[in-house]
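Enquirer: below are the sequence and a predicted model; questions follow.
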Amino acid sequence: MIEAKAYQEYVKQSAPKTKMMSTLLKAFLTGGIICCTGQAVADIIKVIIPDMSKENIGAFVSITLVFLSALLTGIGVYDRIGRFGGAGSLIPITGFANAVVAPAMEYNREGVVFGICSKMFVIAGPVIVFGVVAGVIAGIIGLFI
């Protein structure tokens, strides 16, 4: 049996070295481009429909980013973006859409009910549950404070 220190040393020697600065730069650029895309959509909407409220513009931007991320996942482009940008591609709304669409596509050959519907939220489901539970707990704490 390998001791803990020996195992840690083995992992340290055999694990690939990360180029931290280039990884951070790629994540920053990828996330920045996604956010700039959202801002561009908002600016275009402001020009086309000047009297639209900020809330409606925000909803439209969110819908557009979810659609684009689902489309790019469907045609296999979002995976390449994720490989390049790493965590930068996990901007909450686009990363969430990718986490829903990717398993649905992977299991679509098993049918609509047992494939797509049952596997669609394999990754995103726990995030939704945790978010709802954390929101309820925060609300209860806020109620008493």
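Expert: Sure thing, it's come through.
Enquirer: residue contacts, the most centrally placed residue in the chain?
Expert: Among the residues of the chain, G95 comes closest to the average C-alpha position under CA atoms, centre = their mean, at 1.3 Å. Contact partners of G95, counting by CB atoms under 8 Å, 6 or more residues apart in numbering, are S69, S89. Using the backbone N, CA and C atoms, a C-beta is placed for each residue, glycine as well.
Enquirer: quick check: phi and psi at it.
Expert: phi -60, psi -40 (degrees, to the nearest 10).
Enquirer: name the helix or strand of the protein that has the lowest mean pLDDT.
Expert: helix 118-119 (a mean of 75; mean pLDDT, DSSP states H and E).
Enquirer: helices and strands around that helix, which ones?
Expert: Counting by 3 or more CB pairs under 8 Å, 6 or more residues apart in numbering; DSSP states H and E, the packing neighbours recorded for helix 118-119 are helix 92-106.
Enquirer: CA atoms only: put the helix it packs on into PDB for me.
Expert: In PDB, the C-alpha atoms belonging to helix 92-106 read as follows (Å, rounded to 0.1, in the frame of the first residue of the first chain):
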ATOM      1  CA  PRO A  92     -23.200  31.100 -15.900                       C
ATOM      2  CA  ILE A  93     -25.900  31.300 -18.500                       C
ATOM      3  CA  THR A  94     -23.900  29.900 -21.400                       C
ATOM      4  CA  GLY A  95     -22.200  27.200 -19.400                       C
ATOM      5  CA  PHE A  96     -25.600  26.200 -18.000                       C
ATOM      6  CA  ALA A  97     -27.200  25.900 -21.400                       C
ATOM      7  CA  ASN A  98     -24.200  23.800 -22.600                       C
ATOM      8  CA  ALA A  99     -24.600  21.600 -19.500                       C
ATOM      9  CA  VAL A 100     -28.300  20.900 -20.400                       C
ATOM     10  CA  VAL A 101     -27.900  20.500 -24.200                       C
ATOM     11  CA  ALA A 102     -24.700  18.300 -24.200                       C
ATOM     12  CA  PRO A 103     -26.200  15.400 -22.200                       C
ATOM     13  CA  ALA A 104     -29.500  15.600 -24.100                       C
ATOM     14  CA  MET A 105     -27.600  15.200 -27.400                       C
ATOM     15  CA  GLU A 106     -25.400  12.400 -26.000                       C
END
